[in-house]
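**Student:** Sharing a model that was predicted from the sequence below.
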Amino acid sequence: MIQPTTNTNAAGATSPATIADTPEQISGFMLLALKGALYLESKGMKRRGHSALAVARTQFPGIVTARTAAKALPQLIAQLRKMGVLA
């Protein structure tokens, strides 16, 4: 399970942080970032480098279009919940 912790910045304010220190947790947070990037791209946001859709195509061979990526998001969310990344 991912353990929450707190960080203190230069001004002395604390903020919640999460430490992912196992390969499973790191891949889970990568999937979480990919989910967010796919959502933003579906709303019209652009990014430099490879698009989130191109990254999703390499990780999930069944994804061909943005529409199939949107349909795959619930499966991705379920996988993140199973990994313990999402509550």
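**Tutor:** Nice, I can see it.

**Student:** Would you mind measuring from the nearest residue to A37 once chain neighbours are set aside to L80?
**Tutor:** Once flanking residues are discounted, A37 sits nearest to A52: 3.5 Å by CB to CB, 6 or more residues apart in numbering. Bear in mind the C-beta positions are built from the backbone N, C-alpha and C, glycine included. Between A52 and L80 the computed distance is 15 Å (CB to CB, to the nearest Å).

**Student:** cool, I19 as well?
**Tutor:** 17 Å.

**Student:** what mean pLDDT does the longest helix seen in the chain have?
**Tutor:** In the chain, taking DSSP state H as the definition, the longest helix is helix 23-42. The average pLDDT within helix 23-42 is 84.

**Student:** now for that helix, which elements pack on it?
**Tutor:** Under the contact definition 3 or more CB pairs under 8 Å, 6 or more residues apart in numbering; DSSP states H and E, helix 23-42 sits against helix 52-59, helix 66-83.

**Student:** quick check, P16 in a strand?
**Tutor:** Yes. P16: assigned to a strand according to DSSP: H, G, I helix; E, B strand; the rest coil.

**Student:** ranking the helices and strands packed on helix 23-42 by mean pLDDT, which is last?
**Tutor:** Averaging pLDDT over each of the helices and strands packed on helix 23-42 puts helix 66-83 lowest, since it has a mean of 79.

**Student:** Now do the contacts for the most centrally placed residue in the chain.
**Tutor:** Central residue of the chain (CA atoms, centre = their mean): L32, 1.5 Å from the mean position. Applying CB atoms under 8 Å, 6 or more residues apart in numbering, one finds that L32 lies in contact with 80, 85-86.

**Student:** Nothing else from me, thank you.
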